[in-house]
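S.K.: got a predicted structure here, sequence first:
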Amino acid sequence: DANTILESCVYDHAAQLMTVDTSDPDRPFVKQVTRWLEDGILTEMPSENVVEISPQDGGLGCVTTPLTLPPHIHFYHGERGMNSIPLALVNSLTSPVEQDVWVSPSNGVYYHKPPYRLWQVKAKKQTLYYDNLIVAHNGKCADRLMSKTPAKALHSLLRTNFNDNVPENGGSKMTLNSIYSLVVALPKGALETLIPESVTCAFVKQVEDLRFVSCNTRKYRHLEDVTSDVAAAPDVEVWTILSSPSFAKRHKAPQENIPKAKEREVTDLLLASLSTLVGGEINLQDSVLESRLQLWGAAVPLNTWSSANAGVVTDEASTGFVYDAEHGVGACGDWLLEPSIEGAWESGRRLANWMTQEITNEGEDEKRSVGLPDRVSDQGGRFVANASVLQNGIGSFSR
């Protein structure tokens with residue numbers, strides 16, 4: 001059934017793999033990755049399966065070039081999709097996680113000043129109260145969520161630009177790019193003879209509108225004996241195509257509701273670009289069995305916030321996150337450390353440790369804020385451009 005092929009498959013529409021520097025086995029994230037491997041959450045991808053790919057001059061097929069990386073750089077993906085990672089995090093908690101809960105960015109949170117010092121959250125027709133609040137996402141909603149609160153310094157960092165580039169000096173605001181993700185089910189023969197079977201993921205070069213392609217069927221081949229007969233069908237391959245940020249900028253649309261005409265246009269253009277990559281004579285549009293298009297509107301940070309932490313401890317434990325001790329609110333994410341899965345995880349870990357320490361020291365006169373800009377002098381940190389993201393457009397994939 002052409003309408004259920006993708007529903008029966010395991011595929012990744014956004015993050016495709018994770019890069020880890022294992023040279024220091026004592027780094028917290030390396031230890032976490034080791035535990036995930038032992039628990040069957042992650043699978044290592046052979047480095048030879050990740051390449052650079054570019055069109056071949058004057059003929060069908062493409063040129064694949066091995067990545068030049070040191071031996072301590074390893075690639076991983078989730079055992080049953082990249083979603084395996086957040087699911088593992090949820091399952092490791094002792095407290096329940098409420099999912100699919102809408103908190104209005106306009107009036108969903110409110111801060112009660114001393115003597116109460118509580119955060120009021122409205123969701124699911126309930127009003128709840130918390131001692132602390134964490135903003136673990138970014139973009140327009142995070143900006144609006146905090147705009148009416150007294151945590152002005154923290155809110156100033158959540159103001160966001162959307163663009164496909166930043167100045168060399170990093171700019172004055174968090175800047176996120178946008179990326180189109182197209183998932184297509186194709187007859188296996190459509191690309192099998194054009195992209196070598198050994199290639200699972202590829203950084204695209206010399207094709208303006210593409211940045212990355214990934215074959216989910218090859219990535220999750222180990223699941224064939226436990227997934228449905230459709231997902232394991234030998235005559236279908238499912239590919240994810242990630243656009244360049246400049247392409248997404250030119251074809252901007254409301255990400256929650258892409259107009260049908262724009263969806264067809266973008267799908268056709270990305271498939272045409274994939275045809276250019278593997279050989280211009282092939283028409284992939286006519287081969288598609290099913291497709292799904294998503295605009296990843298607030299995709300990858302092009303810059304990261306680097307705080308000065310003047311007058312406060314400056315070791316690793318007090319960088320990579322933001323915490324407003326006066327109001328009991330913090331922020332974490334890849335935009336505060338490194339645009340990668342590791343960056344997001346490590347930022348959250350450091351914030352959690354800092355807040356735990358603050359709670360342990362409850363009653364002390366001095367509460368310590370971290371990472372906030374000085375709103376009076378406009379100092380206290382700056383945004384720094386990320387060269388790796390600017391080069392490949394889809395994240396920091398090596399250290």
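M.R.: In hand now; what should we look at?

S.K.: ranges for the helices of the chain?
M.R.: 28-38, 84-91, 140-146, 152-158, 189-192, 216-219, 245-250, 260-278, 341-360, 387-392 (DSSP state H).

S.K.: the longest one packs against which elements?
M.R.: I take that to be helix 341-360. With contacts defined as 3 or more C-beta pairs under 8 Å, 6 or more residues apart in numbering; DSSP states H and E, helix 341-360 has these neighbours: strand 18-21, helix 28-38, strand 322-324, strand 329-331. Where you see a C-beta, it was placed from the backbone N, CA and C, and this is true even at glycine.

S.K.: mind checking which of those is nearest Ser369?
M.R.: Checking the helices and strands packed on helix 341-360 against Ser369 by C-beta to C-beta gives strand 322-324 as the closest, at 5.5 Å.

S.K.: how far is the closest one from where the chain is centred?
M.R.: Averaging C-alpha positions (C-alpha atoms, centre = their mean, to the nearest Å) puts strand 322-324 22 Å from its chain's average.

S.K.: show me the contact partners of that strand.
M.R.: The contact list for strand 322-324, computed with C-beta atoms under 8 Å, 6 or more residues apart in numbering, reads 151, 153-154, 157, 305, 307, 329-332, 336, 351, 354-355, 358, 368-372.

S.K.: repeat that for 7 Å
M.R.: Strand 322-324 has contacts (C-beta atoms under 7 Å, 6 or more residues apart in numbering) with 151, 153-154, 157, 330-331, 336, 351, 354-355, 369-372.

S.K.: which of the residues you listed sits closest to Cys62?
M.R.: Leu336 (37.1 Å).

S.K.: roughly how far does that closest one sit from Leu295?
M.R.: To Leu295, Leu336 is 24 Å away according to C-beta to C-beta, to the nearest Å.

S.K.: more crowded one of the two?
M.R.: More crowded of Leu336 and Leu295, by other C-beta atoms under 10 Å: Leu336, with 27 against 21.

S.K.: who are the contact partners of that one?
M.R.: Taking C-beta under 7 Å, 6+ apart as the test, what Leu336 contacts is Thr304, Trp305, Gly320, Phe321, Val322, Ser347.

S.K.: can you list the helices and strands packed on helix 341-360 in JSON lines and add mean neighbour count, distance to Ala88 and mean pLDDT?
M.R.: Shown next, in JSON lines, are the helices and strands packed on helix 341-360 (neighbours: other C-beta atoms under 10 Å; distance: least, C-beta to C-beta, whole Å; pLDDT from 0 to 100):
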{"stretch": "strand 18-21", "mean neighbour count": "20", "distance to Ala88": "13", "mean pLDDT": "96"}
{"stretch": "helix 28-38", "mean neighbour count": "16", "distance to Ala88": "6", "mean pLDDT": "98"}
{"stretch": "strand 322-324", "mean neighbour count": "25", "distance to Ala88": "26", "mean pLDDT": "96"}
{"stretch": "strand 329-331", "mean neighbour count": "26", "distance to Ala88": "23", "mean pLDDT": "97"}
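
S.K.: between the ones you listed, which one is closest to Glu237.
M.R.: Across the helices and strands packed on helix 341-360, closest to Glu237 is strand 18-21 (C-beta to C-beta), at 22.4 Å.

S.K.: paired strands for that closest one, with orientation please.
M.R.: strand 73-78 (antiparallel) (DSSP bridges).

S.K.: for the strand it pairs with, what is the distance to the chain centroid?
M.R.: For strand 73-78, the distance to the chain centre is 15 Å (C-alpha atoms, centre = their mean).

S.K.: so for that strand, mean pLDDT?
M.R.: For strand 73-78, mean pLDDT is 97.

S.K.: what does it contact?
M.R.: 17-22, 33, 41-45, 47, 50, 84-85, 219, 398.

S.K.: now with 8 Å, please.
M.R.: Counting by C-beta under 8 Å, 6+ apart, 12, 16-22, 33, 36-37, 41-47, 49-50, 84-85, 201, 219, 398-399 sit against strand 73-78.

S.K.: check stretch 241-254 too.
M.R.: Contacts of stretch 241-254 (C-beta under 8 Å, 6+ apart): 16, 163-164, 177-184, 208-214, 259, 262, 265-266, 269-271, 273-274, 295-296, 299-300, 393-394.

S.K.: tell me the buried residues in that stretch?
M.R.: Ile241, Leu242, Ser243, Ser244, Pro245, Ser246, Phe247, Ala248, Lys249, His251, Ala253 (16 or more other C-beta atoms under 10 Å).

S.K.: check stretch 184-191 too.
M.R.: Val184, Ala185, Leu186, Ala190, Leu191.

S.K.: span of that stretch from start to end?
M.R.: For stretch 184-191, the first-to-last residue distance is 12 Å (C-alpha to C-alpha, to the nearest Å).

S.K.: how far does that stretch sit from the chain's center?
M.R.: The chain centre lies 26 Å from the centre of stretch 184-191; the measure is C-alpha atoms, centre = their mean.

S.K.: can you tell me how far Gly206 is from Glu281?
M.R.: If you look again at residue 206, you'll see it is Gln, not Gly. 17 Å.

S.K.: more crowded one of these two?
M.R.: Gln206 (14 against 8).

S.K.: burial of the residue lying closest to that one once chain neighbours are set aside, as a residue count?
M.R.: By the measure of C-beta to C-beta, 6 or more residues apart in numbering, the closest residue to Gln206 outside its immediate chain neighbours is Ser54, 4.4 Å from it. Residues within reach of Ser54, counting by other C-beta under 10 Å, total 17.

S.K.: so for Ser54, what's the pLDDT?
M.R.: Turning to Ser54, the model gives it a pLDDT of 94.

S.K.: beta partners for it?
M.R.: Bridge pairing for Ser54 - DSSP bridges - gives Val63.

S.K.: ok, the nearest residue to Ala153 once chain neighbours are set aside to Leu176 distance?
M.R.: Nearest residue to Ala153 in three dimensions, chain neighbours excluded: Leu372, at 4.3 Å (C-beta to C-beta, 6+ apart). According to C-beta to C-beta, Leu372 and Leu176 sit 21 Å apart.
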